[in-house]
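K.L.:
Need a 3D model of the following:
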Amino acid sequence: MSRGCGGAVGAVPLPAWPDGRIRLAVDVCAWLRPEARTSAERMFCHVHGRGKNAGQMIPGWPYSFVAALGPGASSWTAPLDAVRLGPDDDDTEVTAAQLREVEHTFRFFKQVLGWTAPKIRDPAAADRWTWIIIAACTQLRLAASLAADLRLPWQRPQPPGAMTPARVRRGFRAVRETLGTPAALPRPSRPGPGRPKGSRNRHKAPRHDVGKRNLKRATGQNVRPGTRPLS
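P.N.:
The predicted structure follows:
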């Protein structure tokens, strides 16, 4: 997976602990794509459920995230890295340093920032979008002390710097209006003609199997691609 903005994200100051050390958490979160047969490098992702749906294995793209944790109880983390686990990767090697879950960050990525909302086919495009989400989360963390508390009627007031990520996101539009941008104004353009109305797609996208390519090395079983190993 590309780490195009990893250096910029890593340059942001990390949460400080009283002893001067840094606490890192590593956990895996899945971008589920069960019906995207034309999307390559999908894996069987374990999804927690309730009742009869507990412990499902659903095709998708699993991502291993690394985040810095701050002292005390807080919903804030500082995402530093994200690696998509591909069919040729050894999950144990990638997640060997896993220390603690960061479920609040994953929920914020999906429900507030819309990490898994786009219906993306190319896994490389999913990698780029994931880094955009990490950069957006880092931007919100830097603006935590500047954003106004636009709370909902049932929420209690919170001072700047103590608000949750979702509340900082709600008040970020007031901060954004005071900032400049290095981007130039968009140029007017016209959309392409697209496919003629009523015509069929003559170049169908290829279909891809789900799962590991070398399951014998990873599990000790000789498993056919596209199927799951015996538990």
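K.L.:
For the residue positioned nearest the centre of the chain, give me phi and psi.
P.N.:
Against the mean C-alpha coordinate of the chain, by Cα atoms, centre = their mean, the closest residue is residue 130 at 4.8 Å. Backbone torsions for residue 130, taken as degrees, to the nearest 10, come to phi -60, psi -40.
K.L.:
cool, residue 58 as well?
P.N.:
The phi/psi pair for residue 58 (degrees, to the nearest 10) is phi -120, psi 140.
K.L.:
so which strand or helix has the closest residue to residue 163 other than its chain neighbours?
P.N.:
Of all residues not flanking residue 163 in the chain, residue 149 sits nearest, at 6.0 Å (Cβ to Cβ, 6 or more residues apart in numbering). C-betas here are computed from N, CA, C, even on glycine. Here residue 149 sits in a region with no helix or strand, counting by DSSP states H and E.
K.L.:
quick one: residue 149 and residue 168 touch, right?
P.N.:
No: counting by Cβ atoms under 8 Å, residue 149 does not reach residue 168; the two are 9.0 Å apart.
K.L.:
ok, back up a step: hang on, the residue nearest to the centre of the chain packs against residue 82?
P.N.:
Yes: the pair residue 130 / residue 82 is scored as a contact, 5.1 Å apart, by Cβ under 8 Å.
K.L.:
would you say residue 38 is within a helix?
P.N.:
No: judged by DSSP: H, G, I helix; E, B strand; the rest coil, residue 38 forms no part of a helix; its state is coil.
K.L.:
Could you shift the numbering so residue one becomes 53, and keep it that way?
P.N.:
Sure, I'll start numbering at 53, so the last one becomes residue 90.
K.L.:
Tell me the pLDDT of it.
P.N.:
Per-residue pLDDT puts residue 90 at 89.
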